[in-house]
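>>> just the structure for this:
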Amino acid sequence: MAKLGKRLTAVSATVDRLKHYGVSEASQLIKAGAQAKFDETIEIAVNLGVDPRHADQMVRGVIALPHGSGKTMRVAVFARDEKAKEALEAGADLVGAEDLMEKVQAGEMNFDRVIATPDMMAVVGRLGKVLGPRGLMPNPKLGTVTPNVKAAVAAAKAGEVQFRVEKAGIVHAGIGKGSFSAEQIADNVNAFIVAINKARPSGAKGAYLKSVTISSSMGVGVKLDVAALVG
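Below is the predicted model:
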């Protein structure tokens, strides 16, 4: 097993791996440990008591975090005419119709979110095999298929976070940056958990939130007290 670096060893010493922390204390530990030379991403991993292979146990949603995600979002919008103009005015990075589809088919994927007006879904649908596996396919339930592209672009640029449960029943998401204060990290954690609870599917039985861990890109994981989160 590779040895831990001095910085990570020092950070690890401050965290009790067997303890489950409150959100405030955990956020302080994560903030203190995010000392890399770049602005580390604060990540959350939520283990849920669901089996996403069943349609009635799928968990997905979107959350506008109180302090944003800290990530610079590049947004592509499929729209025409006035809606295309609105998207550009709202700050979209790429806007187009068939021309944008051709760029994506050619491998140009320099964006983090895809938004489309309803009338463009016949075009976007041809990109399902490309966008789908990357979690980029526009979806009405997530607000990314909408006639109000201005609001959708603004929300994405403001740090709106989409989440979706993976095959193992885990939801991963970036919910902040190391440059955030501990209070901002805690606020975002709490808001994310509220969103996860609201997205509880009808087919979920028994314990829903099984475990929650937060960490920074180069730091150690800190377990949260699930009972306190549920309460």
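>>> for the longest helix along the chain, output the C-alpha coordinates as CSV.
For the chain, the longest helix by residue count, based on DSSP state H, is helix 182-198. Listed next in CSV are the C-alpha coordinates belonging to helix 182-198 (Å, rounded to 0.1, in the frame of the first residue of the first chain):
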residue,chain,number,x,y,z
ALA,A,182,-17.1,25.8,6.4
GLU,A,183,-20.5,27.4,6.9
GLN,A,184,-21.1,27.5,3.1
ILE,A,185,-20.1,23.9,2.8
ALA,A,186,-22.5,22.9,5.6
ASP,A,187,-25.3,24.9,4.0
ASN,A,188,-24.8,23.1,0.7
VAL,A,189,-24.6,19.7,2.4
ASN,A,190,-27.9,20.2,4.2
ALA,A,191,-29.6,21.5,1.0
PHE,A,192,-28.4,18.5,-1.0
ILE,A,193,-29.7,16.1,1.6
VAL,A,194,-33.1,17.8,1.6
ALA,A,195,-33.2,17.4,-2.2
ILE,A,196,-32.2,13.7,-1.9
ASN,A,197,-35.0,13.1,0.7
LYS,A,198,-37.6,14.9,-1.5
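>>> what domains does the record give for the protein?
Here the domain parsing of the chain from automatic domain parsing is 16-69+160-230, 75-157.
>>> could I get the ones you listed as CSV with mean neighbour count and mean pLDDT?
Where C-beta positions appear, they are placed from N, C-alpha and C, glycine not excepted. Output for the domains of the chain, formatted as CSV (neighbours: other CB atoms under 10 Å; pLDDT from 0 to 100):
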stretch, mean neighbour count, mean pLDDT
domain 16-69+160-230, 18, 93
domain 75-157, 18, 95
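>>> what are the boundaries of the helices in the chain?
6-13, 23-33, 81-90, 98-105, 121-124, 128-131, 149-157, 182-198, 226-230.
>>> my guess is Glu98 contacts Ala122. True?
No - applying CB atoms under 8 Å as the test, Glu98 and Ala122 come out as separate, 10.4 Å apart.
>>> circling back to that earlier point, between helix 23-33 and the longest helix of the chain, find me the angle.
With axes from the mean of the first three to the mean of the last three CA atoms, to 10 degrees applied, the angle from helix 182-198 to helix 23-33 works out at 130 degrees.
>>> and helix 182-198, what does it pack onto?
Packing contacts for helix 182-198, counted by 3 or more CB pairs under 8 Å, 6 or more residues apart in numbering; DSSP states H and E, involve helix 23-33, strand 41-48, strand 60-64, strand 160-164, strand 170-177, strand 209-216.
>>> what about 6 Å?
helix 23-33, strand 41-48, strand 60-64, strand 170-177 (3 or more CB pairs under 6 Å, 6 or more residues apart in numbering; DSSP states H and E).
>>> mind listing residues that contact it?
Applying CB atoms under 6 Å, 6 or more residues apart in numbering, the contact partners of helix 182-198 are 23-24, 27-28, 31, 42, 44, 46, 61, 63, 65-67, 175-176, 229.
>>> ok, stretch 150-161 next?
Outside stretch 150-161, the residues touching it (CB under 6 Å, 6+ apart) are 62-65, 68-69, 73, 75, 86-87, 90-92, 113, 115, 143, 146, 173.
>>> can you rerun that using 7 Å?
If you take CB atoms under 7 Å, 6 or more residues apart in numbering as the criterion, stretch 150-161 is touched by 62-65, 68-71, 73, 75, 77, 86-87, 90-92, 113, 115, 143-144, 146, 173, 175.
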